[in-house]
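Trainee: Next one to model:
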Amino acid sequence: MITTYDVFVPPTMGYGASKRIGIDLAKGGHKKAFMVYDKGMWDFGIAQPIIENLKAAGMEVVTFDKVLPDPPDEMVEEAAELARSSGCDCIVGLGGGSSMDTAKGVNVLMKNPPPIRQYFGVRYDLQPGVPLIFIPTTAGTGSETTNMCVISCVSQGNKASVVSAATIGTHCYLDPALTLGLPKGLTSATGLDALAHCVESLTGGQQNPLSDAIGSEAIRLIHKYLPIAVADGKNKEARENLMYASYFAGMTFTNALVHAGHALAHTMGAHFHTPHGIACAIMLPGVTEWTALNESKKVRKVCECMGVTIPEDADYKEVGRIAKETLRGFAKSVGNPSPKDLGISLEDFLSIIPAAMNDTGLALCPYRMTAADVKEIFIDAYDA
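Mentor: So this is what the prediction gives:
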């Protein structure tokens with residue numbers, strides 16, 4: 001198998017990194033930026049300094065502040081129409097995964113006609129957009145360094161991805177200062193999302209030396225610093241290391257891909273509007289136990305990165321059990337809920353299994369997963 005490592009988004013890293021955006025874009029000859037964010041970025045005073053920074057560098061700024069969670073295709077198309085009609089020559093995505101996915105979707109439509117749903121899947125035929133810059137304000141999605149955007153298709157009632165060079169960022173600014181004081185729940189969910197990226201990438205069929213190296217380091221950082229950041233949202237060391245772990249995790253799954261955990265989490269999110277990181281953390285332990293059936297060495301490595309030593313003579317069942325308990329225990333320690341905690345009935349939870357079996361992400365599993373396998377994972381996760 002030949003694996004290519006062709007996605008790398010150069011970062012400017014460290015406290016205050018985002019303050020360089022205006023001078024950097026102006027030096028690059030840009031005149032008008034299209035800035036994408038949700039209303040929370042304005043309410044918390046995060047958007048204003050970035051806008052003023054761009055204006056101070058002599059740039060015009062057109063803003064779109066209507067970003068919604070799980071970006072609907074209709075919203076992305078509305079934003080793209082504004083960006084095109086305004087003549088913007090670059091796009092800035094400020095916020096979490098939803099803002100960055102929206103910015104990516106806008107970039108796809110800058111030179112390719114709507115609707116965006118016609119571009120779902122892996123596309124090599126799309127016209128390139130404009131320079132795409134990301135400023136993440138959470139440490140988890142890793143969207144600033146991936147080659148895909150996840151969009152909710154309103155008419156079809158599901159989520160799908162556009163995978164294209166048009167969704168790859170030109171540059172990103174990793175400024176931990178923007179994450180100081182994030183709420184505990186958001187800190188936990190986004191950190192667990194990054195953990196899921198790494199665990200699935202390291203245990204899947206596309207893992208490779210690059211993904212192993214950076215993914216393992218990201219797991220170590222998340223394991224050490226996520227509980228600290230959840231307990232103390234203003235801990236600067238923890239916030240900085242989680243920001244870098246998120247970036248590493250994004251690189252990991254872009255190069256090695258995720259598999260069943262994300263497929264099941266996408267379905268849970270689409271049906272119950274469960275935040276993505278929470279859904280990933282619910283599904284990950286059982287999926288990892290199942291993966292150990294054929295990939296116990298890879299699963300063992302995940303446990304080692306989380307400080308757990310598994311006996312050398314442990315069989316795949318024992319490796320899987322320990323991994324499941326380790327991952328679930330860690331998620332619980334930072335406050336992740338169960339489906340029952342979220343008010344979802346067991347009947348409703350099990351009812352989404354047929355939809356989960358149709359998620360294209362299952363095709364990325366290293367081995368075939370049956371509906372019976374998925375049901376077992378769902379039942380085990382329901383009240384765990």
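Trainee: ok, V122 to S143 distance?
Mentor: Relative to S143, V122 is positioned 17 Å away (C-beta to C-beta, to the nearest Å). C-beta coordinates here come from the backbone N, C-alpha and C atoms, glycine included.
Trainee: out of the two, which sits in the busier spot?
Mentor: When V122 and S143 are compared for neighbours, S143 comes out ahead with 29 against 11, by other C-beta atoms under 10 Å.
Trainee: which element is the residue of the chain most remote from its centre on?
Mentor: When distances to the mean C-alpha position of the chain are computed (C-alpha atoms, centre = their mean), the maximum falls on D313, with 35.5 Å. Under DSSP states H and E, no helix or strand contains D313.
Trainee: Quick one: mean pLDDT for the helix or strand harbouring V106?
Mentor: Using DSSP H and E, V106 sits within helix 97-111. Averaging pLDDT along helix 97-111 yields 97.
Trainee: List the pairing partners of the next helix or strand after it within its sheet, with orientation.
Mentor: Following the chain from helix 97-111 toward its C-terminal end, the next helix or strand by DSSP H and E is strand 121-122. Its sheet considered, strand 121-122 pairs with strand 158-163 (parallel) by DSSP bridges.
Trainee: what angle sits between the strand it pairs with and helix 97-111?
Mentor: An angle of 60 degrees separates the directions of strand 158-163 and helix 97-111 when computed by axes from the mean of the first three to the mean of the last three C-alpha atoms, to 10 degrees.
Trainee: Please name every helix or strand in contact with the next helix or strand after strand 158-163.
Mentor: Using DSSP H and E, the next helix or strand after strand 158-163 towards the C-terminus is strand 171-174. Packing contacts for strand 171-174, counted by 3 or more C-beta pairs under 8 Å, 6 or more residues apart in numbering; DSSP states H and E, involve strand 11-13, strand 132-136, helix 236-256.
Trainee: who touches strand 171-174?
Mentor: Residues from elsewhere that reach strand 171-174, judged by C-beta atoms under 8 Å, 6 or more residues apart in numbering: 9-14, 17-18, 20-21, 24, 131, 133-136, 144-145, 243-244, 247.
Trainee: what do you get if the cut-off is 6 Å, keeping everything else the same?
Mentor: Outside strand 171-174, the residues that touch it by C-beta atoms under 6 Å, 6 or more residues apart in numbering are 9-13, 17-18, 21, 133-135, 144, 243, 247.
Trainee: what would these look like in CSV with neighbour count?
Mentor: As requested, those are exported to CSV (neighbours: other C-beta atoms under 10 Å):
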residue, neighbour count
V9, 21
P10, 10
P11, 19
T12, 17
M13, 15
A17, 19
S18, 22
I21, 23
I133, 25
F134, 25
I135, 28
E144, 25
M243, 28
Y247, 23
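Trainee: Closest one to H266 out of those, please.
Mentor: For those, the closest approach to H266 (C-beta to C-beta) belongs to E144, at 19.9 Å.
Trainee: and that closest one, what does it touch?
Mentor: Residues counted as contacts of E144 (C-beta under 6 Å, 6+ apart) are F134, P136, G169, C172.
Trainee: now do A17
Mentor: Listed by C-beta under 6 Å, 6+ apart, the contact partners of A17 are Y173, L174, D175.
Trainee: What distance do you get for the most centrally placed residue in the chain to E52?
Mentor: Closest to where the C-alpha atoms of the chain average out (C-alpha atoms, centre = their mean) is T141, at 2.6 Å. Remark: distance between T141 and E52 (C-beta to C-beta) = 26 Å.
Trainee: Which pLDDT does the model give N255?
Mentor: According to the model's per-residue confidence, N255 sits at a pLDDT of 89.
Trainee: swap in T3?
Mentor: With respect to pLDDT, T3 scores 42.
Trainee: tell me the domain boundaries of the chain?
Mentor: For the chain, the structural domains run 11-179, 184-382, going by automatic domain parsing.
Trainee: Backbone torsions only: list them for K301.
Mentor: Summarising the backbone geometry of K301 under the convention degrees, to the nearest 10, its torsions are phi -60, psi -40.
Trainee: how much space between L180 and L195?
Mentor: With distances taken as C-beta to C-beta, L180 is found 21 Å from L195.
Trainee: who has more neighbours, those two?
Mentor: Counting neighbours by other C-beta under 10 Å for L180 and for L195 shows that L195 has the greater number, 31 against 16.
Trainee: give me the element the more buried one is part of.
Mentor: Remark: L195 resides in helix 184-203, with elements defined by DSSP H and E.
Trainee: Which stretches in the stretch 201-350 of the chain count as strands?
Mentor: Under the criterion DSSP state E, counting those that start in this stretch, strands are not mapped anywhere in the stretch 201-350 of the chain.
Trainee: so where do the helices sit in it?
Mentor: Under the criterion DSSP state H, counting those that start in this stretch, helices of the stretch 201-350 of the chain are mapped to 209-231, 236-256, 260-272, 276-305, 316-333, 346-351.
Trainee: Can you show me the CA trace of the shortest one as CSV?
Mentor: Written as CSV, here are the backbone C-alpha positions of helix 346-351 (Å, rounded to 0.1, in the frame of the first residue of the first chain):
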residue,chain,number,x,y,z
LEU,A,346,-32.5,2.9,24.6
GLU,A,347,-35.2,2.2,22.0
ASP,A,348,-34.4,5.5,20.2
PHE,A,349,-30.7,4.9,20.5
LEU,A,350,-30.9,1.5,18.9
SER,A,351,-33.2,2.7,16.2
